[in-house]
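# Below is the structure, and that's it, no one-letter string:
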């Protein structure tokens, strides 16, 4: 049975609209002013200094997750699906593993296979933890956060849905403190270690 078309319901006319001749789809959102959070991290990497505002912004991001992760939902099937997508979706763990070019000098194929294997094993552990289903951002990293004045910020790109594993949000942000520190120092230390621990402790 072949697929004939793709369409949408049109509430105003209670009719159907074909999308078969459309090209790339997009979403239009309101405009939000601000500067992406990664610019703060870039500055800290260059200067090796973090201000009190940098610490307050780190806490503001952590507090945001504390608040949204309070919202629970009972839907075991949805939790299992979200964890499966976290491991296997093209933008998630396996997609990232596939993004490594062959023959890089800092990690081998055997290491990547081992990471993938451990992720699959963890997925099976998580399947028994559906009580952890919470409201999430779903793609919470420094390129999806716009800071305005002080600690006022907006988040972008919640395209993977509002429910999932809260640890995904926490690690998606905090891994960037590790990432920047590795680039600068080759280990987790300095201003990035301070922000990493501040976020987690909060």
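Looks like it arrived, so ask away. Treat the numbers as computed from the prediction; the structure is a model and nothing was measured.

# pLDDT wise, what is the residue lying closest to residue 98 once chain neighbours are set aside at?
Distance criterion Cβ to Cβ, 6 or more residues apart in numbering; nearest residue to residue 98, sequence neighbours excluded, is residue 90 at 7.9 Å. No exception for glycine: its C-beta is placed from N, CA and C like everyone else's. On the pLDDT scale, residue 90 is placed at 74.

# Residue 90: neighbour count?
By other Cβ atoms under 10 Å, 10 other residues sit near residue 90.

# Can you list the buried residues in the helix of greatest length in the chain?
Ranked by residue count, the top helix of the chain under DSSP state H comes out as helix 166-185. Under the neighbour-count criterion of 16 or more other Cβ atoms under 10 Å, helix 166-185 has 166, 168-170, 172-174, 176-177, 179-181, 184 buried.

# Out of those residues, which comes closest to residue 36?
Residue 36 lies nearest to residue 176 out of those, by Cβ to Cβ, at 11.8 Å.

# got the contact list for that closest one?
Counting by Cβ atoms under 8 Å, 6 or more residues apart in numbering, residue 176 makes contact with 38, 41, 141, 142.

# Show me what secondary structure element comes after the longest helix of the chain.
Under the assignment DSSP states H and E, the closest C-terminal helix or strand after helix 166-185 is helix 190-201.

# Any buried residues in that next one, and which?
Buried residues in helix 190-201 (16+ other Cβ under 10 Å): 190, 191, 192, 194, 195, 196, 198, 199.
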